[in-house]
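> Quick one: sequence plus predicted model below, questions after.
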Amino acid sequence: MNQEVNPEIQEEVAAPVEQQEAQAPSTEELLNQALADLEKARQDILYVRAEAENARRRAAEENEKTRKFAVEKFAREIISVKDAMDMALLDQSGNFEGLKMGVDLTAKQLINVFEKFELREINPVGEKLDPNKHQAISTVPSDEEANTVVQVMQKGYELSGRTIRPAMVVVAAAK
């Protein structure tokens, strides 16, 4: 079956194919576009990586400053206590009662500074030994239950609920 194709229909069919071919980018153009997109993505990654490194560096610097100056407020408060102690040491009056009163006021000032900064004494007489807060240095015979603190040799301290120095204690020995 040999059929002839009407030339008008052939032109109508061929025209859209030619238009599509004319509009379709060449392989080289597609490759150039893909390479341009790849380069843009690479630049974006480099930018994000640089931003992340800058953020990490700034955070490290901020942490260093925070660590370095974390005790600044405490230091300012404690300086006034030292000033009061220095004044007591310079006292040449011989007035023992006045000196004792000054030292007592200085001790109260120190306690106020401790309270302000959540620095609390650990004075566990009568409590059960807690190895997180107490350090037993010896045992003594006692009427108390075993491992009960009977004497504090050196007070311990907590800072905001965290033990920074355990209390050195003597505990009751087991019977």
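Done, it's in. Numbering: from 1, shown residues only.
> Give me the below-cutoff pLDDT ranges for this protein.
1-22 (pLDDT under 70).
> let's see it at 80
Low-confidence segments of the chain, defined by pLDDT under 80: 1-23, 175.
> and the residue nearest the centre of the chain, what element?
In the chain, the residue lying closest to the centroid (C-alpha atoms, centre = their mean) is Asn63, at 7.7 Å. Per DSSP states H and E: Asn63 is located in helix 27-69.
> next structured bit after that helix?
Next along from helix 27-69, by DSSP H and E: helix 72-90.
> which helices and strands sit right next to that next one?
With contacts taken as 3 or more C-beta pairs under 8 Å, 6 or more residues apart in numbering; DSSP states H and E, helix 72-90 sits against helix 96-116. C-beta here means a position set from N, CA and C on the backbone, and glycine is covered the same way.
> Now the helix it packs on - C-alpha only, CSV.
The C-alpha atoms that make up helix 96-116 are tabulated as CSV, following Å, rounded to 0.1, in the frame of the first residue of the first chain:
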residue,chain,number,x,y,z
PHE,A,96,39.0,44.9,121.6
GLU,A,97,35.2,45.3,121.8
GLY,A,98,35.2,47.8,118.9
LEU,A,99,37.4,45.5,116.8
LYS,A,100,35.2,42.5,117.6
MET,A,101,32.1,44.4,116.6
GLY,A,102,33.8,45.4,113.3
VAL,A,103,34.8,41.8,112.5
ASP,A,104,31.3,40.6,113.3
LEU,A,105,29.9,43.2,110.9
THR,A,106,32.4,42.1,108.3
ALA,A,107,31.4,38.5,108.7
LYS,A,108,27.7,39.5,108.3
GLN,A,109,28.6,41.4,105.1
LEU,A,110,30.4,38.3,103.8
ILE,A,111,27.4,36.1,104.6
ASN,A,112,25.2,38.6,102.7
VAL,A,113,27.5,38.3,99.7
PHE,A,114,27.4,34.5,99.9
GLU,A,115,23.6,34.6,100.0
LYS,A,116,23.4,37.0,97.1
